[in-house]
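Student: no sequence on this one, just coordinates:
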DNA sequence: CGGCCCCGCGTTTTT
DNA sequence: CGCGGGGCCG
């Protein structure tokens, strides 16, 4: 356990203030690169240091990665045993725990499962069909988004139907039946024992208004569990989350929220920047801390971003400054097509590598829309530059994975109709549309789920043929058998079993086409993922026991005594987690391509932002509202502040969009940056000042300035070209097992779990200097045990001697 | 039951 | 232009 001095050691005075002021409401406005996470974790460590019971601290984040990262850092500062007792996680995962605990009050089964956006969309679609409405008019995605917005604003289906504004609005949009779809959807979801993401928050709100069986308000019980509440990325909270927080903090008012209003980019999803702007209204006694020192970017970049964001009206006034040198000016790059733009970026990267000794992972190429990646990919491929894309399409969105997941969901919650539909005839087992229609009719008539309908004895009477009936019975029996095994078998063996028994694995195995083989590989990858999850859980269980001093030898924990990791545990871990689509080795030393949204929280020495054009960035064109324009500006602010060393902003005067060539003028944002921070501001100022097309003004000018840098061999304005060599760039580091969005600042104040590539246990020898992903540096004292269960006694510098199971521990040799 | 073709559509996306 | 979904045909 660290002492107070150590916690405060690497913090600047402002950060220190924010860390030690623990009681009462705090608003920490943390500019980009200002050490936000460091302050949050130090604050928790500080509380622990002061003797606060960790279980009475609630810390909420948006992503699981952020939660994990914070937990790791706190573990490094305050010890694993304290860190693991914290109530820390995403809004959704923490609240799901409470919802399960109080499921009866809400009328949900204990094993309710969670629908992802895809599941919800298809559920909506089926509701639209059942209500005999036109899918063209009631596009499932659109309807879902409308319902989602309603839920985020705590508008239940009943409230929606009674809300004249909403109804009028829908009528004017020629979609008057949305309220009926909403009602139907909610009814089906409840009957299926399923919640969508928004329901988790909505029901949490509802729960906090209920009384338990003994008549005690639930809010007293839950809010009473905590003395301190901390929230990360507060600018991204929606109304639903805001209200929950308010209820949870009403007794002690020890709420600490951290965020940056300038980086609020999720309004389109219901996030309310007002939550941050109005914090003082709810908590007049609050203390404001502004972290304005940016440790990430050079002064030029920080100052330039400041001038941009100053154009926004809705913001908390603050002026960020850099702790670093002035650095290079921002370079603009004008091109005439998206291909040319991509080539310019690729050339600039090559030049940087040659002249600055940069490596691939030092580059981030950001864009507003995913469609822009294509041209860039082609340019990079042509030059053999390795890259990876943070794709929106995740592992869990692949059809074959969805199939397997649907089986798993159905085992845990047989009432899940969407899962049932998906797998009832997968692989084909002679239960076609006709049979499914009958099942649907029965379910609807008897108010049952599909599964219950499929089990009901009177199914023949509805006209199911005996052959099909037998197969249906076989199917339900198979699911029920697995459902019953959940207590005895762990997630892995159930997954293997259902893959085999359902015939799905054989089905994919028999498909010898290339795609078929890839699907099979994905299924195998899913098995690995389940196994990995179980190992991870076992590993941390053992480490926790050791850290707790309950045991000091990993061998005291025979495998069979480890708590079993159930299928339901696994499902919850995946349903609330966006996929880790990009494996670590795929991101290793590659150029990163991603949308600006995905880049939030990341940093790169060299950043390119492509497509700086009106109608693209800012997107939307004329029908964009002032609020939306401000959000676009914040989005661009996020893009700019990803850069540590150098920033290049490019635009194309024309590009292919939806199969058509479109002319665009440069983004207004380019002109909003004070030109003194730009190396070649004339590139944008000369042209298209007032809707004039770039081509015309170029012809008028004689075309000498603003020429693309690689026409005619001129390269004077090449993006981020031969900048003077400066500090050796720090490289972004990705967390082991990380999903797309995790990147750690390299100037982290404490040792943390890094980009961990563990060495094989077989390579470890007594006497070696090693590093453990959690416990840090240490020396191997001895290695014992038989080859199948090797254990090592390791003396850690920070935490003393421990015995670890090598099959679980992640250890690498330090040379 | 599966494959092929045609049509429509086309920001951003933690959970 | 490139994709996914739905419908129709073999």
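Tutor: Thanks, I have the structure now. Just so we're clear, the structure is a prediction, and the values are computed from it rather than from any experiment.
Student: Quick one: distance of stretch A:150-169 to the chain centre.
Tutor: 28 Å (C-alpha atoms, centre = their mean, to the nearest Å).
Student: Show the average pLDDT along that stretch.
Tutor: Taken as a whole, stretch A:150-169 carries a mean pLDDT of 93.
Student: how about it, does it reach DNA strand B?
Tutor: No: between stretch A:150-169 and DNA strand B, judged by C-beta under 7 Å from any atom of the strand, nothing touches; the nearest distance is 9.5 Å. C-betas here are computed from N, CA, C, even on glycine.
Student: First-to-last residue distance for that stretch?
Tutor: Chord length of stretch A:150-169, first to last residue, is 13 Å (C-alpha to C-alpha, to the nearest Å).
Student: Equivalent analysis for stretch A:415-427, please.
Tutor: Terminal residues of stretch A:415-427 are spaced 20 Å apart (C-alpha to C-alpha).
Student: buried ones in that stretch?
Tutor: Going by neighbour count (16 or more other C-beta atoms under 10 Å), the buried part of stretch A:415-427 is A:415-426.
Student: would CSV of these with distance to residue A:139 be doable?
Tutor: Below are those laid out as CSV (distance: C-beta to C-beta, whole Å):
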residue, distance to residue A:139
A:415, 27
A:416, 24
A:417, 21
A:418, 18
A:419, 23
A:420, 24
A:421, 20
A:422, 21
A:423, 26
A:424, 26
A:425, 26
A:426, 26
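Student: Local confidence estimate at residue A:103?
Tutor: At residue A:103, the model reports a pLDDT of 95.
Student: about what we covered before: among the buried residues of stretch A:415-427, which are in reach of DNA strand B?
Tutor: residue A:425.
Student: burial count for the spatially closest residue to residue A:490 that is not a sequence neighbour?
Tutor: Among residues not flanking residue A:490 along the chain, residue A:564 sits closest, at 4.9 Å (C-beta to C-beta, 6 or more residues apart in numbering). For residue A:564, the neighbour count with other C-beta atoms under 10 Å is 16.
Student: Residue numbers of the stretch 551-700 of chain A in contact with DNA strand C?
Tutor: Residues of the stretch 551-700 of chain A lying near DNA strand C by C-beta under 7 Å from any atom of the strand: A:656, A:658-659.
Student: Name the SS class of residue A:135, please.
Tutor: Secondary structure for residue A:135, judged by DSSP: H, G, I helix; E, B strand; the rest coil, is coil.
Student: who touches it in this structure?
Tutor: Residue A:135 sits next to A:125, A:128-129 when contact means C-beta atoms under 8 Å, 6 or more residues apart in numbering.
Student: What parts of chain A come near DNA strand C?
Tutor: Near DNA strand C, when you scan chain A using C-beta under 7 Å from any atom of the strand, you find A:125, A:135, A:656, A:658-659.
Student: Once you drop chain neighbours, what's closest to whichever residue of the stretch 101-250 of chain A sits closest to DNA strand B?
Tutor: Per C-beta to the nearest atom of the strand, residue A:197 is where the stretch 101-250 of chain A lies closest to DNA strand B, at 3.8 Å. Once flanking residues are discounted, residue A:197 sits nearest to residue A:92: 6.4 Å by C-beta to C-beta, 6+ apart.
Student: Can you tell me the element the one you found falls in?
Tutor: Using DSSP states H and E, residue A:92 sits within helix A:91-101.
Student: list the helices and strands that helix packs on?
Tutor: Applying 3 or more C-beta pairs under 8 Å, 6 or more residues apart in numbering; DSSP states H and E, we find helix A:91-101 packed against strand A:57-61, helix A:197-207, helix A:239-249.
Student: In TSV: the ones you listed, plus mean neighbour count.
Tutor: Below are these laid out as TSV (neighbours: other C-beta atoms under 10 Å):
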stretch	mean neighbour count
strand A:57-61	25
helix A:197-207	22
helix A:239-249	20
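Student: okay if I get the ones you listed as CSV plus mean pLDDT?
Tutor: Listed next are those as CSV, based on pLDDT from 0 to 100:
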stretch, mean pLDDT
strand A:57-61, 97
helix A:197-207, 96
helix A:239-249, 96
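Student: Which one, of these, ends up nearest to residue A:397?
Tutor: helix A:197-207 (15.3 Å; C-beta to C-beta).
Student: now for that closest one, which elements pack on it?
Tutor: helix A:91-101, helix A:103-106, strand A:113-115, helix A:140-152, helix A:239-249.
Student: The ones you listed into CSV, with extra columns for distance to residue A:331?
Tutor: As requested, the helices and strands packed on helix A:197-207 are exported to CSV (distance: least, C-beta to C-beta, whole Å):
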stretch, distance to residue A:331
helix A:91-101, 40
helix A:103-106, 56
strand A:113-115, 46
helix A:140-152, 38
helix A:239-249, 40
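Student: tell me the most buried of the ones you listed?
Tutor: strand A:113-115 (a mean of 22; mean count of other C-beta atoms under 10 Å).
Student: Could you tell me which strands sit next to that one in the sheet, and their orientation?
Tutor: Paired strands of strand A:113-115, with direction, are strand A:194-196 (parallel) (DSSP bridges).
Student: The longest helix along chain A: which residues count as buried?
Tutor: Counting residues, the longest helix in chain A under DSSP state H turns out to be helix A:514-548. Neighbour-count burial for helix A:514-548 flags A:519-520, A:522-523, A:526, A:529-531, A:533-534, A:537-539, A:541-547 (criterion: 16+ other C-beta under 10 Å).
Student: and it, is it in reach of DNA strand B?
Tutor: No: shown here: helix A:514-548 not in contact with DNA strand B (C-beta under 7 Å from any atom of the strand), separated by at least 9.5 Å.
Student: Off-centre distance for that helix?
Tutor: Offset of helix A:514-548 from its chain centre (C-alpha atoms, centre = their mean): 19 Å.
Student: low-scoring stretches of the stretch 401-550 of chain A, by residue?
Tutor: Across the stretch 401-550 of chain A, the ranges flagged by pLDDT under 70 are A:548.
Student: Tell me where it has strands.
Tutor: Using DSSP state E, counting those that start in this stretch, no strands are found in the stretch 401-550 of chain A.
Student: With the stretch 251-400 of chain A instead?
Tutor: Along the stretch 251-400 of chain A, counting by DSSP E, counting those that start in this stretch, strands occupy A:255-259, A:287-291, A:293-294, A:321-322, A:331-335, A:363-367, A:387-389.
Student: Check which helices and strands the second one sits against.
Tutor: To tie it back to what came earlier, the one meant is strand A:287-291. Other helices and strands packing on strand A:287-291, by 3+ C-beta pairs under 8 Å, 6+ apart, are helix A:13-20, strand A:26-30.
Student: highest average neighbour count across the ones you listed?
Tutor: Counting by mean count of other C-beta under 10 Å, strand A:26-30 has the highest mean neighbour count of those, with a mean of 26.
Student: Quick one: end-to-end distance for stretch A:280-294.
Tutor: Counting by C-alpha to C-alpha, the terminal residues of stretch A:280-294 are separated by 25 Å.
Student: cool, and stretch A:320-334?
Tutor: 29 Å.
Student: swap in stretch A:549-563?
Tutor: 18 Å.
Student: Now the stretch 451-600 of chain A against DNA strand C: closest residue?
Tutor: Proximity of the stretch 451-600 of chain A to DNA strand C (C-beta to the nearest atom of the strand) peaks at residue A:515, 11.3 Å away.
Student: Now for that residue: which residues touch it?
Tutor: By C-beta under 8 Å, 6+ apart, residue A:515 has no neighbours at all.
Student: Kindly report the same for residue A:759.
Tutor: Applying C-beta under 8 Å, 6+ apart, the residues contacting residue A:759 are A:811-813.
Student: Make a PyMOL selection of the buried ones in those residues.
Tutor: Command for PyMOL that selects the buried part of these, burial taken from 16+ other C-beta under 10 Å:
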select buried, chain A and resi 811+812
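Student: for the contacts of residue A:759, which one is nearest residue A:329?
Tutor: Nearest member of the contacts of residue A:759 to residue A:329, counting by C-beta to C-beta, is residue A:812, at 40.4 Å.
Student: Nice, that's everything, thank you.
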